[in-house]
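Visitor: coordinates only, no sequence provided:
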C-alpha cells in the first residue's frame, strides 16, 4: 500500500544535539511538507518542497533544516538552535506543485528533550 | 498574514445529536478549503475539500461543509453523530496560487454513547 512512513515514532534529544527525523513516501508525490503540532495551536508549517533539490521555508523554519535529494525522501533536522523542540512532527505529501491537492499525512514523530 | 480560526476547542455531544463546527479564515483571495480528521491513534486524513463550484460539499462518513464566501467561513456539519466520530477536526486553507497550507488550531469532538 502507498503511504508516508515517518521514523522513529518517538525520539529523545539531549540539549545541544541535532536530531534527524525521517520521512519517506511511495506515493510518487512531487510536494512534501513538514509540520509541527503543539497542543491548542494546530499544525504549523516548518518547511516544504515542491520538487527534488528545492525547498522553501514555512512559518517557523528557524532552528530546522531539510534536504530533498530524492523524490521519496524529505528528512527534517532539528538543530540545537531550536530552543523549544518538544513537539509532535508531521510529514505530509501531495500531488501537484501548487498546493491545489489535499495532503496525505504520516503517523508522526514525537520529539522530547532529555 | 493568513490565519484560520476554529470556534470551539472541545465539543461534547451525545450520539444522534447534530454537529456544526465553525471555521473562519482571514485571506481575501481565492482559496482552497479542507477539513481533516484525526481519529485517536491514527494519522490525519482528509474528510472533504472545496476547490470551486457548488459551495456545499459532501465528504466521507456523512459529513458536509458549506463555503460562504461573504463570511469567509467553511463550517463542517453532520446531522447525526456517532460515537465513532470522536476525533480531532482541523480546518485548513490554501491560497490557490500558493503552496502554503494554513491549519486551524483544531476542535476536539467527544461523542458520548
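Guide: That came through fine. Predicted model only: the values in this text are computed from it and were never measured.
Visitor: quick one, strands of chain A?
Guide: A:4-7, A:10-13, A:19-25, A:31-38, A:42-51, A:54-57, A:64-66, A:76-78, A:87-94, A:104-105, A:109-113 (DSSP state E).
Visitor: I meant chain B, not that one.
Guide: Under DSSP E, chain B gives strands at B:4-6, B:10-14, B:19-21, B:23-25, B:31-38, B:45-50, B:56-58, B:64-68, B:73-78, B:87-95, B:101-103, B:107-112.
Visitor: buried residues, stretch A:32-49. List them.
Guide: By neighbour count, with 16 or more other CB atoms under 10 Å in any protein chain shown as the criterion, the buried positions of stretch A:32-49 are A:32-37, A:42-49. The C-beta positions use only the backbone N, C-alpha and C, and glycine is treated the same way.
Visitor: same question for stretch A:71-79.
Guide: Judged by neighbour count using 16+ other CB under 10 Å, the buried positions of stretch A:71-79 are A:71, A:72, A:74, A:75, A:76, A:78.
Visitor: kindly check the end-to-end length of it for me.
Guide: As for stretch A:71-79, its first-to-last residue distance stands at 23 Å under the measure CA to CA, to the nearest Å.
Visitor: is chain B contacted by it?
Guide: No - using CB under 8 Å from any CB of the partner chain, we find that stretch A:71-79 stays clear of chain B, coming within 13.9 Å at best.
Visitor: can you list contacts of that stretch?
Guide: The list of residues contacting stretch A:71-79 from outside it, by CB atoms under 8 Å, 6 or more residues apart in numbering or on different chains, reads A:13, A:18-26, A:28-30, A:32-34, A:46-47, A:49, A:52, A:55, A:63-68, A:85, A:89, A:91, A:93, A:111.
Visitor: buried ones from the residues you listed, can you make that a ChimeraX selection?
Guide: Buried residues within the contacts of stretch A:71-79, as defined by 16+ other CB under 10 Å, are selected in ChimeraX through the command that follows:
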select /A:13,19,21,23,24,25,29,30,32,33,34,46,47,49,55,64,65,66,68,85,89,91,93,111
